[in-house]
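*Asks:* Compute the structure for the input listed below.
(one chain, ligands or ions: 3)
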Amino acid sequence: MAASKKSLSKDMVLQAIADAFKKLNPAVMIKNPVMFVVEVGTLITLLLSFQPDLFAASSAGRGYNIAVFLILLFTLLFANFAEALAEGRGKAQADTLRKTKSETMAKLVQKDGSLKQVSSTQLRKGDIVRVDTGEIIPTDGEIIQGLASIDESAITGESAPVIKEAGGDFSSVTGGTRVASDFIIVKVMTDPGESFLDRMISLVEGAKRQKTPNEIALTTLLAVLTMIFLVVILTMVPMADYLDVKLDVATLIALLVCLIPTTIGGLLSAIGIAGMDRVTQFNVLAMSGKAVEAAGDIDTLILDKTGTITYGNRMASEFAPVKGVSQNEMTLAALKASVKDETPEGRSIVEMATKLGETFAESEYGSAEPIEFTAETRMSGLDMPDGTPIRKGAVDAMKKYISAKGGSVPADLDEISNRIAKAGGTPLAVSIGDRIYGVIYLKDTVKPGLKERFAELRSMGIKTIMATGDNPLTAATIALEAGVDDFIAEAKPEDKIAVIRKEQQEGKLVAMTGDGTNDAPALAQADVGLAMNSGTMAAKEAANMIDLDSDPTKLLSVVSIGKQLLITRGALTTFSIANDIAKYFAIIPAMFILAMPQLQSLNIMDLASPQSAILSALIFNAIIIPLLIPIAMRGVKYRAMSADRLLTRNVLLYGIGGVIVPFIGIKIIDLILQGLHLA
Ligand SMILES: Nc1ncnc2c1ncn2[C@@H]1O[C@H](COP(=O)(O)OP(=O)(O)OP(=O)(O)O)[C@@H](O)[C@H]1O
Ligand SMILES: [K+]
Ligand SMILES: [Mg+2]
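*Replies:* Numbering: from 1, shown residues only. Ligands and ions are numbered 1, 2, ... in the order given. You can find the predicted model right below:
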């Protein structure tokens, strides 16, 4: 995406500082219970700064109260800053995209065929527009006529134009992109405000960001911990009273804030936003954080073949006749079967047959009934005015069709189609009436570099399965060439869903990548549905992620980011809670020494004074938040290792580290305060 690779600019940092103050609004703050408690504490210490004896006669001076107030205020600002900074990049990207979205003029095709200039905002679903060379496509739609090269750089950041054409899986165009050559007639598919660009803007901006189930569970846990510590602190008051120990309010608030999990509470939302943002930087649009997290736990990946594993521009490369049919007869039959087929495959057949010198006059077939290709029948063709059916399609489907008609299947049909399939091609049998003439060889190319990437997925424990409508032999060849673990062939849309359901029933999390309209139901069924941007609108709408680069192995990056997100959250939660335990040991002795100076032996950390101990712990509690922002934003490094080893490693690093770091940190801050004669 255009602005995605830009790193943090000075403007973004300044904006985040301003936003950190705006986010102090309690109505915003209440969504984060831990930080809301800190905010209440901040307000109370603000009052105490003016009136130290507000609640009871207190030994604490005004200076101490002001110090506590200021440290708490900074704790809040640091947490808000982390969130605002994480949001910043998305906002900058949204601004860039908004510029792309500026209103354009469109040429509306009216009923009588004439063109009328209208504003792009007036276009509605079902309208037909014409877009010529150099013009911006006014909104999302499907090409119903023509072929053009489209410059999609405004959305994908990729400068090489892509070819889009009517019929098939490459017919969708996106508003905001530009026709680089030729012209197209487009049927509008979205109403204003619902376009792909609109959705993209609200996504990168985080406008619709919802907490994921994992985040909600963690927020709840943190809120419960906060409540428990609040009760603990409140019960200390009557106990201290009973023992005739004076505890002042600012110290109690300081203790509470040190004990509740402010570190993770302050960084939690930044971690989630940054995770989504990292996905966007890989040119993948994720519709929800939930999808990104699910990607981190994927067990199985289902891939569609044509357009996902292969480039998907299946082109005719040979017309092979069966015994008893001449080459010319076969070529003509292929031409006849394809004159009404608007798919790219159909058009490539017409083109090649015409080049080979065959002709079929429009006067002969003009009034014929077209039989459109569907993924269900896996056949297409036409019924001639005299009733003669002409068909082509997947060989198994054609055999059934011809047998049902009472025709016979040529003896060498299998041999020919197997030769094509073994080479990785798609064989299409052609028939006129009840006679099969031969086989069309459709060629496609496997995208490069898949084998290595699938091997990486395997090392992460993810199984790859290719699902294709093609025959088993072609499927086996392509599966071997691409390096997938398994495949299913002759799959109809419902078969693709069935594989996903079967895996899900075994308790597995399933990802699906695809590009076609027939993949849409499966994309919706999968836990992670990654649609190729080159694909159809239906596929992109059903998916919860879209890869702008149309690279099926992109899932690998998304999986890593998802895992990283989960690990980062876990590591920082461990660190935060371990930290709080350490702070407890700094503050509790200080409190009692403050009340009973004869307990000096409790001062195991040898801190300058009880007040210095409390302030040092509180300062440490505040500055640990900005210190951890880089980890929250970049994520803990993910290494491909077993889940158990990873867990052990992180508990050691962030758990034990989390206990040790505060002792050192608090001691250093105490020494600095002493040096500054503040303690
Ligand atoms: N225009 C067409 N006319 C007749 N038959 C076709 C046409 N296009 C494809 N077929 C046949 O129908 C089968 C299914 O095609 P489809 O494009 O739906 O595949 P798919 O289910 O999307 O699987 P994949 O994309 O993984 O190959 C193809 O393998 C081919 O045999
Ligand atoms: K804390
Ligand atoms: Mg397909």
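*Asks:* Which single residue in the stretch 401-550 of the chain comes nearest to ligand 1?
*Replies:* Using Cβ to the nearest ligand atom, residue 469 is the residue of the stretch 401-550 of the chain that sits closest to ligand 1, at 2.6 Å. Every residue, glycine included, has its C-beta placed from N, CA and C.
*Asks:* just the stretch 51-200 of the chain next, same as before
*Replies:* residue 169 (7.3 Å).
*Asks:* residues contacting the residue nearest to that residue when sequence neighbours are not counted?
*Replies:* Distances taken as Cβ to Cβ, 6 or more residues apart in numbering put residue 516 closest to residue 169, at 4.6 Å, once the chain neighbours are dropped. Going by Cβ atoms under 8 Å, 6 or more residues apart in numbering, residue 516 touches 169, 304, 306-307, 375, 535-536, 539.
*Asks:* mind listing the helices for the stretch 451-600 of the chain?
*Replies:* Taking DSSP state H, counting those that start in this stretch to define them, one finds helices in the stretch 451-600 of the chain at 472-482, 493-505, 520-525, 537-542, 554-595.
*Asks:* Turn these into TSV, columns for distance to ligand 2.
*Replies:* What follows is the helices of the stretch 451-600 of the chain, written out as TSV (distance: least, Cβ to the ion, whole Å):
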stretch	distance to ligand 2
helix 472-482	50
helix 493-505	40
helix 520-525	42
helix 537-542	43
helix 554-595	5
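*Asks:* Show me the contact partners of stretch 285-296.
*Replies:* 199-200, 203-204, 209-215, 272, 275-276, 279-280, 509, 511, 527-529, 543-546, 548, 555, 558-559, 561-566.
*Asks:* for stretch 105-125, same thing?
*Replies:* Applying Cβ under 8 Å, 6+ apart, the external contacts of stretch 105-125 come out as 103-104, 127-132, 138-139, 175, 185, 188-192.
*Asks:* Where strands are concerned, which of these count?
*Replies:* Counted as lying in strands by DSSP state E, out of those, are 128-131, 185, 188.
*Asks:* Please tell me which one of those counts the most neighbours.
*Replies:* In terms of neighbours by other Cβ atoms under 10 Å, these top out with residue 131 at 26 neighbours.
*Asks:* Let me know the distance separating it from residue 98.
*Replies:* From residue 131 across to residue 98, the span is 21 Å (Cβ to Cβ, to the nearest Å).
*Asks:* Residue 310 now?
*Replies:* Per Cβ to Cβ, residue 310 is found 36 Å from residue 98.
*Asks:* which one of these two has more residues nearby?
*Replies:* For residue 310 and residue 98, the more surrounded residue by other Cβ under 10 Å is residue 310, and the numbers stand at 24 against 13.
*Asks:* Once you drop chain neighbours, what's closest to the more buried one?
*Replies:* Counting by Cβ to Cβ, 6+ apart, residue 310 lies nearest to residue 444, which is 4.2 Å off, once chain neighbours are set aside.
*Asks:* Tell me the buried residues in stretch 38-49?
*Replies:* Neighbour-count burial for stretch 38-49, counted by 16 or more other Cβ atoms under 10 Å, picks out 38-39, 41-42, 44-46, 48-49.
*Asks:* re the thing from before, buried subset of the contacts of residue 516?
*Replies:* Neighbour-count burial (16+ other Cβ under 10 Å) is assigned, among the contacts of residue 516, to 169, 304, 306-307, 535-536, 539.
*Asks:* Just to check, residue 304 is in contact with residue 514?
*Replies:* Yes. Residue 304 is within contact range of residue 514, at 3.8 Å (criterion: Cβ atoms under 8 Å).
*Asks:* shared neighbours, these two?
*Replies:* Common contact partners of residue 304 and residue 514 (Cβ under 8 Å, 6+ apart): residue 496.
*Asks:* If anything else comes up later, I'll come back, but that's it for now.
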